[in-house]
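J.: A predicted structure for the sequence below; I have some questions about it.
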Amino acid sequence: TGQPSFTLRGHNGSVYAVAYSPDGVTIATGSDDATVRLWLAQDGSHKLTLSGHISCVITVAFSPDGATIATGSGDKTVRLWQASDGA
């Protein structure tokens, strides 16, 4: 139809990175607001916010098994997070 299914809103800055989990259940987004947000792909509802970077998040990737999320930031760090709870 040419129309989006839904729009993910919640970041307080530009979004630079988007990744789908390998199972297609979760979408991760990285933003200029230094956070990563996890969303349910089925309906776009917000699941979890990952905070810890001190600069924009410019890349996001899931591990092949979907258990870990790697994020790269303008703060010159890469962080690894558990996809289930952000730990």
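T.: That came in fine, so what should we check first?
J.: Where do the strands of this protein begin and end?
T.: Taking DSSP state E, the strands of the chain run over residues 15-20, 26-31, 35-40, 46-51, 57-62, 68-73, 78-82.
J.: Tell me which of these is the most buried.
T.: Neighbour counts (mean count of other Cβ atoms under 10 Å) averaged over each of the strands of the chain peak at strand 26-31, with a mean of 22. Backbone N, C-alpha and C define where each C-beta goes, glycine included.
J.: Could you pull up the residues touching residue 17?
T.: With contact set as Cβ atoms under 8 Å, 6 or more residues apart in numbering, residue 17 has these partners: 28-30, 57-60, 71.
J.: circling back: including distance to residue 3 and mean pLDDT, could the strands of the chain go into TSV?
T.: Output for the strands of the chain, formatted as TSV (distance: least, Cβ to Cβ, whole Å; pLDDT from 0 to 100):
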stretch	distance to residue 3	mean pLDDT
strand 15-20	19	98
strand 26-31	18	98
strand 35-40	18	97
strand 46-51	21	97
strand 57-62	25	98
strand 68-73	29	98
strand 78-82	32	98
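J.: As CSV, the ones you listed with distance to residue 5 would be great.
T.: Compiled in CSV, the strands of the chain are given as follows (distance: least, Cβ to Cβ, whole Å):
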stretch, distance to residue 5
strand 15-20, 14
strand 26-31, 11
strand 35-40, 12
strand 46-51, 16
strand 57-62, 20
strand 68-73, 23
strand 78-82, 26
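J.: Dig out what the residue positioned nearest the centre of the chain forms beta bridges with.
T.: Residue closest to the mean C-alpha point of the chain, counted by Cα atoms, centre = their mean, is residue 28 at 2.4 Å. When assigned by DSSP bridges, residue 28 has beta-bridge partners residue 19, residue 38.
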